[in-house]
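Chemist: Everything below, folded, please.
(one chain, ligands or ions: 1)
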Amino acid sequence: MPTALILGASRGIGLEFVRQYRADGWRVIAAARTPEGVGALKALGAEAHQADLTDPGAVAGLGWKLDGESLDVAIYNAGVLGPRTEGAQPVTREDFDRVMHVNVLGPMMALPLVMPYVETGQGGHGGVLAVLSSRMGSLGSMDSNGSWLYRVSKAGVNAALKAVSLDARHATCVALHPGWVQTDMGGKTADITPQQSVKGMRQLLAGVKRRDNGSFFNYDGTPIPW
Ligand SMILES: NC(=O)c1ccc[n+]([C@@H]2O[C@H](COP(=O)([O-])OP(=O)(O)OC[C@H]3O[C@@H](n4cnc5c(N)ncnc54)[C@H](OP(=O)(O)O)[C@@H]3O)[C@@H](O)[C@H]2O)c1
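Modeler: I've put the predicted structure just below:
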């Protein structure tokens, strides 16, 4: 039975990853920040751990709990949007810390801890290590500066993913844009449902090859410039 790890999975896209992998017969290990989130994960049959991914102790604790695992897929999903701004307005330290801690510090703590377990995934051939990024973090296609703190944070996590990919010997590390998705973050008027987004990303994750290590993809498999 293949195993997936989903970090930050209490609702939205993360919870849909858990639902679809469980429905497909996978073993799922997942983490959520709150007891309610842990309850939602357990209800789907996941092995659930409570962890605020901005807390170094909690992330280290998760690392210990993974001891001996082989992960076929591991996904850092947690993210916050922060202030919806127009134009490059001054950023407050409080907003900066909140957004950068969830979107960049969390991955920079978790990805190196998780990597060894992904290296042994897929029967020793190496699993897939993914972060939920955003097209808004693409420098190459940036044509708006709305919500620029979020953009900067996703550019940051993209750099972290690329850097981690250089350590991978067997694993394939990718950054993913999920589309504009109908979640608490994306809002009701977004283009696609979490079901559509996650279906596309699961297909992508099932099909990536080692040559894709260190790449950035849209949920439909189209490459996105860094
Ligand atoms: N929706 C979109 O259109 C869209 C577009 C591009 C990229 N993305 C990215 O896709 C990912 C998922 O987005 P979503 O739309 O599903 O967002 P969402 O509905 O707002 O859910 C965000 C998830 O992140 C978790 N989280 C936040 N801070 C955390 C922390 N400190 N520790 C653990 N978990 C934490 C939340 O847990 P709690 O319930 O505990 O708060 C929740 O499960 C994010 O990285 C987002 O940036 C989304």
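Chemist: Quick one: list the elements packing against the strand or helix carrying Ala110.
Modeler: Assigned by DSSP states H and E, Ala110 falls within helix 106-119. Secondary-structure packing of helix 106-119 (3 or more C-beta pairs under 8 Å, 6 or more residues apart in numbering; DSSP states H and E): strand 3-7, helix 56-65, strand 73-76, strand 128-132, helix 148-165. Bear in mind the C-beta positions are built from the backbone N, C-alpha and C, glycine included.
Chemist: Redo these as TSV? Include distance to Ser215.
Modeler: Formatted as TSV, those follow (distance: least, C-beta to C-beta, whole Å):
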stretch	distance to Ser215
strand 3-7	20
helix 56-65	25
strand 73-76	15
strand 128-132	11
helix 148-165	8
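Chemist: Need those in a markdown table (columns: distance to the ligand and mean pLDDT).
Modeler: As requested, the helices and strands packed on helix 106-119 are arranged in a markdown table below (distance: least, C-beta to the nearest ligand atom, whole Å; pLDDT from 0 to 100):
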| stretch | distance to the ligand | mean pLDDT |
| --- | --- | --- |
| strand 3-7 | 7 | 98 |
| helix 56-65 | 8 | 97 |
| strand 73-76 | 8 | 98 |
| strand 128-132 | 4 | 98 |
| helix 148-165 | 7 | 98 |
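Chemist: and Gly79, that's in a helix?
Modeler: No: per DSSP: H, G, I helix; E, B strand; the rest coil, Gly79 lies outside any helix segment and is coil.
Chemist: correct me, but it touches Val131?
Modeler: No: with contact defined as C-beta atoms under 8 Å, Gly79 does not reach Val131; the gap is 9.1 Å.
Chemist: out of everything not next to it in sequence, what's closest to Gly79?
Modeler: What sits nearest to Gly79 in space, not counting adjacent residues and going by C-beta to C-beta, 6 or more residues apart in numbering, is Asn103, at 5.4 Å.
Chemist: likewise Gln182?
Modeler: Nearest residue to Gln182 in three dimensions, chain neighbours excluded: Ala190, at 4.5 Å (C-beta to C-beta, 6+ apart).
Chemist: Distance-wise, check the one you found relative to the ligand.
Modeler: Using C-beta to the nearest ligand atom, to the nearest Å, one gets 5 Å for the distance from Ala190 to the ligand.
Chemist: Now do the SS call for that residue.
Modeler: The three-state assignment at Ala190 reads coil, by three-state DSSP.
Chemist: sec struct for Met201, please.
Modeler: Three-state assignment for Met201 (three-state DSSP): helix.
Chemist: What's the local residue count around it?
Modeler: For Met201, the neighbour count with other C-beta atoms under 10 Å is 28.
Chemist: In contact with the closest residue in space to it that isn't next to it in sequence, which residues?
Modeler: Leaving out its chain neighbours, the residue that sits closest to Met201 by C-beta to C-beta, 6+ apart is Tyr219, at 4.9 Å. Residues in contact with Tyr219 (C-beta atoms under 8 Å, 6 or more residues apart in numbering) are Leu176, His177, Pro178, Gly179, Ile192, Ser197, Gly200, Met201, Leu204.
Chemist: try 7 Å
Modeler: Residues in contact with Tyr219, defined by C-beta atoms under 7 Å, 6 or more residues apart in numbering, are Leu176, His177, Pro178, Gly179, Ser197, Gly200, Met201, Leu204.
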